[in-house]
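Enquirer: Give me a model of this one.
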Amino acid sequence: MTENHVVRGAESADIPRLIKAYDWLFAPPGSTPADWDPAVAEERMARTLAGPRSGVLVAVGDERLVGFCTLYLDIESVRFGQRCWVEDLAVDPDQRSAGIGAALLTTAREWSAEHGASHLELNSGTARVDAHRFYNRHRPTAHALNFGWQTPETS
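Expert: Have a look, this model is predicted:
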């Protein structure tokens, strides 16, 4: 377990390690998206890093990437104001239960507040029972179901 880790904003040099770290999300109970392309993912990550309404946090320990979190300011809700969305949050399976996920989530909440968001949201697949236990330990103020549809391909 990594005892000493630092959470910081990601840099362009982190992109290759970040893309490789998506394997942590794809491992069961997750799965690799059918159209996953690491080269495309690197381009998207670069845009996320450069975007004024997005951010990427990395947890580094012993000079290794041990966790990451992607953040996006999305809609400005009529009811709640600006919302921030955690799209991906993952910790190296060999480093879990060392406080890395908690540090990433805390820093994500701080990042969202600094960027004017009234609250931070995320969704998690129903099979991710361990992740749900982790999120519930951090006392979310709301629970919800999320429904999603893939858009039809256009010609």
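
Enquirer: What are the buried residues along stretch 28-39?
Expert: Residues of stretch 28-39 classed as buried by neighbour count (16 or more other CB atoms under 10 Å): Gly30. The C-beta positions use only the backbone N, C-alpha and C, and glycine is treated the same way.

Enquirer: Show me what that stretch is in contact with.
Expert: By CB atoms under 8 Å, 6 or more residues apart in numbering, the surrounding residues in contact with stretch 28-39 are Ile19, Tyr22, Phe26, Gly125, Ala127, Arg128, Val129.

Enquirer: mean confidence score for it?
Expert: Averaged across stretch 28-39, the pLDDT comes to 94.

Enquirer: Return it as CSV; C-alpha atoms alone will do.
Expert: Extracted in CSV, the C-alpha atoms of stretch 28-39 (Å, rounded to 0.1, in the frame of the first residue of the first chain):
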residue,chain,number,x,y,z
PRO,A,28,-14.7,-6.6,-13.7
PRO,A,29,-17.2,-5.6,-12.7
GLY,A,30,-16.5,-3.0,-15.5
SER,A,31,-15.8,-3.7,-19.1
THR,A,32,-13.9,-2.2,-22.0
PRO,A,33,-16.2,-0.1,-24.2
ALA,A,34,-16.6,-1.7,-27.6
ASP,A,35,-15.1,1.3,-29.4
TRP,A,36,-12.3,2.0,-27.0
ASP,A,37,-9.3,3.4,-28.8
PRO,A,38,-6.3,4.5,-26.7
ALA,A,39,-5.2,7.0,-29.3
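
Enquirer: Tell me which helix or strand in the chain has the weakest average pLDDT.
Expert: Least confident helix or strand of the chain, by mean pLDDT, DSSP states H and E, is helix 129-137 with a mean of 81.

Enquirer: For that helix, what is the distance to the chain centroid?
Expert: On the basis of CA atoms, centre = their mean, to the nearest Å, helix 129-137 is displaced by 15 Å from the centre of the chain it belongs to.

Enquirer: Now do the SS call for the most centrally placed residue in the chain.
Expert: Among the residues of the chain, the one closest to the centroid is Asp88, at 2.5 Å (CA atoms, centre = their mean). Following DSSP: H, G, I helix; E, B strand; the rest coil, we place Asp88 in the strand state.
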